[in-house]
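J.: coords please:
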Amino acid sequence: MSSNKQKTPLSVHLLAGGVAGFAEACTCHPLDTIKVRMQLSNKRSVSARNRKVVDSMKKASKPDNFIRVGVKIVQKEGAMALYKGLGAVIMGIVPKMAIRFSSFEFYKTLFADESGRISTWGVFFAGLGAGVTEAVAVVTPTDVLKIRLQAQRHSLSDPLDVPKYRNAAHAAYTIVREEGFGSLYRGVTLTALRQSTNQATNFTAYHTIKNAMLKYQDLPELPSYQHMIIGGISGAMGPLSNAPIDTIKTRIQKSPGPPGMSGYRRFVTVATDIIKNEGYAAFYKGITPRVLRVAPGQSVTFMVYEKVKGWIDLIGEKNSAKKMNTSKTADF
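T.: Residues are numbered from 1 along each chain as shown. Predicted structure coming up:
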């Protein structure tokens, strides 16, 4: 089985991953917008003199949850506001998925033994490498664009309410012009850390469960609904393990940093500010919509990826069989 996977052309991973990523983005993007809005909300702790006022208002106000945040976005900005930043995601989804799956397959060969078998730790480190590769190549700049677009609180139903960034291309142009090209890579270290832990956990869990189910059911390949279930389980594990990293990354990427401040200093400042003014629980803001987005997103991604890859492999096998038959006929 390992040898067959190694023979799969990278173009197959490109096409299958691109289709899977497009389907995942269109399906789950509204939850990502809600997650970003929740992460960017920075309600500060109240002083003692204002505590009585706040306490008296508690009965009249309820804390925001992801459903309430989504409803507010729709009411104030229109339903299409949930898809703010989708252009930036789609713009990078094909290369991101292509790099993710193709680099994962490449790194697997580095950790495989002479017979082509790879251990669970080998899969983990291959996923780690794939996450870092996609973060540096694609994810960081598209994340910056996406977050800037999602952070804008303008109504899409009001033509006079003109935002600073009109679309992904305009956001990229404006950011580079005003802040420099390097601003597109703000938070790259945290993004790489997030993506690497995500993909290491994701691929390890997915392949471990997949191989166990193949062995248990004695099947050459799993049906699509099982790929979907396994993808959802593996996809939920990453966000739970690295939510603080994602929250700090989102805060850093939202706006330009103070001139001369290093990335490490910015990280410490943002993290300290969150702890001081909002408490440790603030690191997990948006965790519900993130899990609800990533888990079904990975379900869609792996299901579509495996299906499209299977179709391409089937077409390739049929073409090879035709060529062999044609060759045999020519020999006669």
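J.: now name the helix or strand holding residue 115.
T.: Using DSSP states H and E, residue 115 maps to neither a helix nor a strand.
J.: contacts only, for residue 149.
T.: Contact partners of residue 149, counting by C-beta atoms under 8 Å, 6 or more residues apart in numbering, are 84, 85, 87, 88, 165, 167, 168, 171. Where you see a C-beta, it was placed from the backbone N, CA and C, and this is true even at glycine.
J.: from what I can see residue 39 touches residue 249, true?
T.: No - here residue 39 does not reach residue 249: they are 9.0 Å apart, not a contact under C-beta atoms under 8 Å.
J.: name the single longest helix found in the protein.
T.: helix 287-331 (DSSP state H).
J.: which positions within the strand or helix carrying residue 105 qualify as buried?
T.: Per DSSP H and E: residue 105 is located in helix 86-111. Neighbour counts over helix 86-111 (16 or more other C-beta atoms under 10 Å) mark 86-108, 111 as buried.
J.: helices or strands up against that helix?
T.: helix 2-7, helix 10-40, helix 120-134, helix 140-151, helix 168-179, helix 188-217, helix 287-331 (3 or more C-beta pairs under 8 Å, 6 or more residues apart in numbering; DSSP states H and E).
J.: which of those helices is buried the deepest?
T.: helix 140-151 (a mean of 25; mean count of other C-beta atoms under 10 Å).
J.: hang on, the earlier thing: out of the helices and strands packed on helix 86-111, which comes closest to residue 242?
T.: Residue 242 sits nearest to helix 188-217 of all those, at 4.8 Å, using C-beta to C-beta.
J.: pLDDT (mean, whole number) over the closest one?
T.: Averaging pLDDT along helix 188-217 yields 92.
J.: how far out from the middle of the chain is it?
T.: Distance of helix 188-217 from the chain centroid (C-alpha atoms, centre = their mean, to the nearest Å) equals 13 Å.
J.: going forward, begin numbering at 11 instead of 1
T.: Sounds good: first residue 11 from here, last item helix 198-227.
J.: buried set for the helix or strand just after that helix?
T.: Where DSSP H and E defines the elements, the next helix or strand beyond helix 198-227 is helix 234-264. Residues of helix 234-264 classed as buried by neighbour count (16+ other C-beta under 10 Å): 236-249, 252-264.
J.: go ahead and name everything in contact with the next helix or strand after helix 234-264.
T.: Where DSSP H and E defines the elements, the next helix or strand beyond helix 234-264 is helix 273-287. Helix 273-287 is contacted from outside by 52, 54-55, 196-197, 199-200, 254, 257-258, 261-262, 267-268, 271, 292-293, using C-beta under 8 Å, 6+ apart.
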